[in-house]
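I would like to see how this sequence folds:
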Amino acid sequence: PVAAQRKPARVVAEPIRSGQQIYADGCDLIVLNTVSPGAEVIADGCIHIYGKLAGRALAGVKGDESARVFCRKLDAELIAIAGIYAVAEQIKAGPKDAPAMAYLDDGRLKIEAHKI
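Alright, predicted model coming up:
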């Protein structure tokens, strides 16, 4: 089978406000600002947030288990990769208000400190 072509990353410069949903179809999503509580960012590929992630981030939504979520400050309501998710209560054990990376390791969602 022929591998699907990836589109260039979708770049969003403004803050993602509560109630907003941003979807990057067939590509990575780069947010140059914050993702507020109640906001949702979704990508078929990876998600890069160069501000605070306080809302929800869902990467690899079409099953890409190699997708990752990166953020400068972690305070997320939910993080999911390829359908494997963690909610705020589970994320609290991770690096709060610090740079973080979420990824799948043998089917388990890992969230750890990461230098950006």
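
can you name every helix or strand that the host helix or strand of residue 71 contacts?
Using DSSP states H and E, the element containing residue 71 is strand 69-74. For strand 69-74, the contact count by 3 or more Cβ pairs under 8 Å, 6 or more residues apart in numbering; DSSP states H and E identifies strand 47-53, strand 56-59, strand 100-105 as packing neighbours. The way it works is simple: take the backbone N, C-alpha and C, and place the C-beta from them, glycine included.

the same query, at a cut-off of 7 Å, please.
Helices and strands touching strand 69-74, by 3 or more Cβ pairs under 7 Å, 6 or more residues apart in numbering; DSSP states H and E, are strand 47-53, strand 100-105.

can you redo these as TSV with distance to residue 26 and mean neighbour count?
As requested, those are exported to TSV (distance: least, Cβ to Cβ, whole Å; neighbours: other Cβ atoms under 10 Å):
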stretch	distance to residue 26	mean neighbour count
strand 47-53	14	22
strand 100-105	20	20
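
columns distance to residue 82 and mean pLDDT on top of those, output as a markdown table?
Below are the helices and strands packed on strand 69-74 laid out as a markdown table (distance: least, Cβ to Cβ, whole Å; pLDDT from 0 to 100):
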| stretch | distance to residue 82 | mean pLDDT |
| --- | --- | --- |
| strand 47-53 | 12 | 98 |
| strand 100-105 | 6 | 97 |
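
what are the ranges of the helices in the protein?
Along the chain, the stretches classed as helices by DSSP state H are 88-91.

and the lowest mean pLDDT element among the helices and strands of it?
helix 88-91 (a mean of 91; mean pLDDT, DSSP states H and E).

what about that one, distance to the chain center?
Here the centre of helix 88-91 is set off from its chain's centre by 15 Å, with Cα atoms, centre = their mean, to the nearest Å.

then stretch 88-95?
In terms of Cα atoms, centre = their mean, the centre of stretch 88-95 is found 15 Å from the chain centre.
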